[in-house]
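A.B. asks: Sharing a sequence plus its predicted fold:
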Amino acid sequence: MTFQKAVALSDLWSGEKIGILLDGKKVLLVNTEGKICAYEDRCGHQGVLLSEGRLNGCVLTCQAHYWEYDVSTGKGVNPAAVQLTAFAVKIENGEIFVDVNAPS
Ligand code: FES
């Protein structure tokens, strides 16, 4: 595993999301009630950046055609048969690290 520093934990408050580039991959970072998750920043429909969608609680809605995802699990809400690609995350010394080559 190769974890890379993403952002400071203090830069991603509960209820926030951010899109970053790590090792050439677009990554969506989400903080839902203190749980940090990282996913490929790509909607399962047509690949639009999910980091530009709307986050309401644990549900992230894609801005393009309104597919919805539970970002605490990566599972689709509507439609339900989709799953975001998740990356391994760890927190150390107030920093968020992500391994974009390791599924979580
Ligand atoms: S690209 Fe996200 S819903 Fe269509």
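C.D. replies: Arrived safely, thanks for sending. Since this is a predicted model, take the numbers as computed values, not measurements.
A.B. asks: Look up phi and psi at the residue lying farthest from the centre of the chain.
C.D. replies: Here the centre of the chain is the reference, and by Cα atoms, centre = their mean the most remote residue is Asn93, at 20.6 Å. For Asn93, the backbone dihedrals (degrees, to the nearest 10) come out as phi 50, psi 40.
A.B. asks: Kindly report the same for Gln83.
C.D. replies: Torsion angles, degrees, to the nearest 10, at Gln83: phi -150, psi 130.
A.B. asks: who does it bridge with?
C.D. replies: Lys75 (DSSP bridges).
A.B. asks: thinking it is in contact with Val77, fair?
C.D. replies: No: under the criterion of Cβ atoms under 8 Å, Gln83 makes no contact with Val77, lying 11.4 Å away. (Glycine included, C-beta is placed from N, CA and C.)
A.B. asks: joint contacts of those two?
C.D. replies: Overlap of the contact sets of Gln83 and Val77 (by Cβ atoms under 8 Å, 6 or more residues apart in numbering) is empty.
A.B. asks: higher neighbour count, these two?
C.D. replies: Val77 (16 against 13; other Cβ atoms under 10 Å).
A.B. asks: ok, then the element right after whichever strand or helix holds that one?
C.D. replies: Using DSSP states H and E, Val77 sits within strand 75-78. The element immediately downstream of strand 75-78 (helix or strand, assigned by DSSP H and E) is strand 86-92.
A.B. asks: And that next one, what's buried?
C.D. replies: Judged by neighbour count using 16 or more other Cβ atoms under 10 Å, the buried positions of strand 86-92 are 86-89.
A.B. asks: What of stretch 17-28?
C.D. replies: 17-18, 20, 22, 26-28.
A.B. asks: Could you tell me which of those belong to strands?
C.D. replies: 17-18, 20, 22, 26-28 (DSSP state E).
A.B. asks: so what's Leu55 up against?
C.D. replies: Contacts of Leu55 by Cβ under 8 Å, 6+ apart are 15-17, 30, 61, 71.
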